[in-house]
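Novice: build me a model from this:
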Amino acid sequence: MRAALTARHGAYIAGDQLELKKSSYDLRKTIKAAKQRYREQIESRFTTNSTRDLWRGLHTIADFKAKHCGAANITASLPDELNCFYFRFDVTNSEPPRKATATTCNLVIAKAEVRRCFQRVDSRKVAGPDGIPGRVLRMCTAQLAGTLPYEYKIVIAGNHELTFDKDFVAELVKQDYYRFPSVSKLKPEDFDNVQSLLTNCIYVQDSEVTVKGFQIYGTPWTPWFNGWGFNLPRGQSLLDKWNLIPEGIDVLMTHGPPLGFRDWVPKELQRVGCVELLNTVQRRVRPKLHVFGGIHEGYGIMTDGYTTYINASTCTVSFQPINPPIIFDLPNPQGS
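Specialist: Alright, predicted model coming up:
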């Protein structure tokens with residue numbers, strides 16, 4: 001870069017128009033190459049499993065200086081540092097965690113029941129947010145039914161399950177302009193108890209279920225993104241939901257990831273996980289397994305040394321359902 005600048009300056013002083021044109025072109029080419037190398041250097045910090053490199057990358061792209069934050073100190077743990085970085089979300093959390101009521105469900109699903117469920121799909125309807133047309137489900141009934149006859153299926157909602165978020169849909173139907181035209185035809189009784197339609201699985205929403213001795217907690221909430229279902233502002237609103245998660249659970253199911261774990265969005269060059277969820281998981285709840293899938297680009301597995309984080313998104317970023325299922329093993333709880 002310095003040599004290219006010197007060459008252009010020399011050509012300008014000498015009045016050599018041909019050399020000035022050539023040196024100016026070389027300088028632009030050198031600057032472009034330098035920017036590309038710098039970009040690759042920064043991006044590489046977000047594509048490794050190194051928490052230290054991740055944090056340094058956040059510092060670089062945000063020009064963050066720890067001394068500008070009154071809450072920072074050199075001995076702060078990673079969650080404390082992240083909270084300092086997101087200081088605009090910093091809130092006082094004085095509410096003690098509450099123990100959710102556990103339920104036990106014994107449910108057995110037969111292959112024939114799964115087949116009947118897919119055969120009832122209306123093939124004339126357009127594809128849903130998952131991008132899978134109804135006709136595909138009906139054509140693949142035999143194959144799908146053979147892969148889903150599990151003894152237990154634990155299900156949570158996400159931002160696309162609009163009718164599961166009753167408050168959201170109730171406000172949506174009052175609007176004059178509909179983002180989703182079919183919403184205008186809904187009546188309160190249509191979505192009052194939509195969970196009851198899930199007859200072949202166990203649905204959990206801010207609640208806990210015990211299966212074969214494993215305590216499993218599920219919650220659908222995610223940081224606000226484009227005004228979908230189960231969206232809440234970062235900070236206290238989300239923290240209130242995370243405070244409902246009891247301590248001592250084995251498996252935590254959320255729709256979105258915690259900050260720093262399988263939450264990298266390459267197109268936006270940023271991580272979009274929830275820092276309040278990260279604090280809750282690492283500092284209080286400490287489950288053996290944390291499963292999520294809202295960020296399709298983050299499919300895969302990570303660990304912090306105690307909790308295993310699994311982004312089990314079936315769909316790719318282009319909504320193609322081609323990611324294989326992730327199978328994991330946990331030791332049976334004592335006395336189960």
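
Novice: give me the buried stretch members for the helix or strand hosting residue 13, please.
Specialist: According to DSSP states H and E, residue 13 maps onto helix 2-14. Residues 4, 7-8, 11 are the ones in helix 2-14 that count as buried (16 or more other C-beta atoms under 10 Å). Backbone N, C-alpha and C define where each C-beta goes, glycine included.

Novice: against which helices or strands is that helix packed?
Specialist: Here helix 2-14 touches helix 17-44, going by 3 or more C-beta pairs under 8 Å, 6 or more residues apart in numbering; DSSP states H and E.

Novice: what about the helices in this structure?
Specialist: 2-14, 17-44, 51-62, 78-85, 111-119, 134-139, 141-147, 166-172, 188-191, 236-242, 275-280 (DSSP state H).

Novice: where are the low-confidence patches of this protein?
Specialist: Across the chain, the ranges flagged by pLDDT under 70 are 45-46, 48-51, 54, 57-149, 176-184, 336.

Novice: tell me the domain boundaries of it?
Specialist: The record, using automatic domain parsing to delimit domains, assigns the chain the ranges 1-44, 102-108+150-311, 110-149.

Novice: what's the closest of those to residue 55?
Specialist: Between residue 55 and the domains of the chain, the shortest separation by C-beta to C-beta is 8.4 Å, and it involves domain 102-108+150-311.

Novice: one step back: okay, angle between the helix holding residue 13 and helix 17-44 too, please.
Specialist: Put simply, helix 2-14 runs at 160 degrees to helix 17-44, going by axes from the mean of the first three to the mean of the last three C-alpha atoms, to 10 degrees.

Novice: can I get the CA coordinates of helix 2-14 in CSV?
Specialist: The C-alpha coordinates for helix 2-14 follow below in CSV (Å, rounded to 0.1, in the frame of the first residue of the first chain):
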residue,chain,number,x,y,z
ARG,A,2,2.8,2.4,1.0
ALA,A,3,4.8,1.6,-2.2
ALA,A,4,1.7,2.2,-4.4
LEU,A,5,1.0,5.6,-2.8
THR,A,6,4.7,6.6,-3.2
ALA,A,7,4.6,5.6,-6.9
ARG,A,8,1.4,7.6,-7.6
HIS,A,9,2.8,10.6,-5.8
GLY,A,10,6.0,10.5,-7.8
ALA,A,11,4.1,10.3,-11.1
TYR,A,12,2.0,13.3,-10.1
ILE,A,13,5.1,15.4,-9.2
ALA,A,14,6.8,14.4,-12.4
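
Novice: show residues contacting that helix.
Specialist: Helix 2-14 is contacted from outside by 19-20, 22-24, 26-27, 30, using C-beta atoms under 8 Å, 6 or more residues apart in numbering.

Novice: of the residues you listed - the most surrounded one?
Specialist: Scoring the contacts of helix 2-14 on neighbours with other C-beta atoms under 10 Å, the highest-scoring entry is residue 23 at 21 neighbours.

Novice: the stretch 151-300 of the chain: strands as residue ranges?
Specialist: Counting by DSSP state E, counting those that start in this stretch, the segments of the stretch 151-300 of the chain that form strands are 154-155, 202-203, 207-211, 214-219, 222-223, 231-232, 251-254, 264-265, 270-271, 289-292, 300-303.

Novice: strand partners of the first one, parallel vs antiparallel please.
Specialist: Its sheet considered, strand 154-155 pairs with strand 202-203 (parallel) by DSSP bridges.

Novice: ok, now the longest one?
Specialist: Next to strand 214-219 in the sheet, as set by DSSP bridges, lie strand 207-211 (antiparallel), strand 251-254 (parallel).

Novice: thinking again about what came up before, looking at the strands of the stretch 151-300 of the chain, spot the one closest to residue 329.
Specialist: strand 289-292 (10.2 Å).

Novice: on that earlier part again, the buried residues of helix 2-14 into a markdown table, with extra columns for distance to residue 271?
Specialist: Compiled in a markdown table, the buried residues of helix 2-14 are given as follows (distance: C-beta to C-beta, whole Å):
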| residue | distance to residue 271 |
| --- | --- |
| 4 | 35 |
| 7 | 41 |
| 8 | 39 |
| 11 | 45 |
